[in-house]
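Engineer: mind folding the following:
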Amino acid sequence: MTPADQRAAALNIANDVRRQAAEIKRQVANGELGVIDVLHGHVPDDLAAGAGVLTIDVLLMAAPGIGPGRARRILRDAHPGGSTRVVDVRRRPLARDRLARAFDLVAPRDTPRRTRADR
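Structural biologist: Model prediction:
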């Protein structure tokens with residue numbers, strides 16, 4: 001295999017992994033897959049590689065009602081330490097459980113928040 005062929009093969013693999021990560025984010029956004037499911041590794045086998053490249057903050061922000069501020073608060077409260085990639089947190093049960101508990105505490109509400117226009 002020539003170096004150009006190796007680069008092309010590696011690029012195809014990388015693109016597949018990015019597509020899988022995007023599909024996980026789409027499923028989390030649509031409610032088909034939960035953040036905690038992804039943290040515990042309960043993702044379809046065809047999307048498993050995509051979960052490995054996602055960072056926790058990107059995964060949290062894919063969930064409805066979680067923006068950058070709330071994602072930072074969850075990460076601060078859970079302090080998973082070390083890398084914030086999903087695959088690394090999965091390997092550390094204590095960090096994974098702390099993150100799941102912190103997400104449950106600030107999960108999106110069923111009732112919408114009041115805005116200034118509502119007042």
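Engineer: and the helices in the protein?
Structural biologist: Along the chain, counting by DSSP state H, helices occupy 3-30, 35-39, 48-53, 56-62, 68-78, 86-90, 93-105.
Engineer: can I get those helices in a markdown table with mean neighbour count?
Structural biologist: C-beta coordinates here come from the backbone N, C-alpha and C atoms, glycine included. Converted to a markdown table, the helices of the chain look like this (neighbours: other CB atoms under 10 Å):
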| stretch | mean neighbour count |
| --- | --- |
| helix 3-30 | 14 |
| helix 35-39 | 20 |
| helix 48-53 | 18 |
| helix 56-62 | 21 |
| helix 68-78 | 15 |
| helix 86-90 | 20 |
| helix 93-105 | 16 |
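Engineer: which residues are in contact with Leu99?
Structural biologist: Neighbouring residues of Leu99 by CB atoms under 8 Å, 6 or more residues apart in numbering: 39, 56, 74-75, 78, 80, 89.
Engineer: need the helices of the chain in a markdown table with mean pLDDT, can you?
Structural biologist: Shown next, in a markdown table, are the helices of the chain (pLDDT from 0 to 100):
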| stretch | mean pLDDT |
| --- | --- |
| helix 3-30 | 95 |
| helix 35-39 | 88 |
| helix 48-53 | 88 |
| helix 56-62 | 91 |
| helix 68-78 | 86 |
| helix 86-90 | 84 |
| helix 93-105 | 81 |
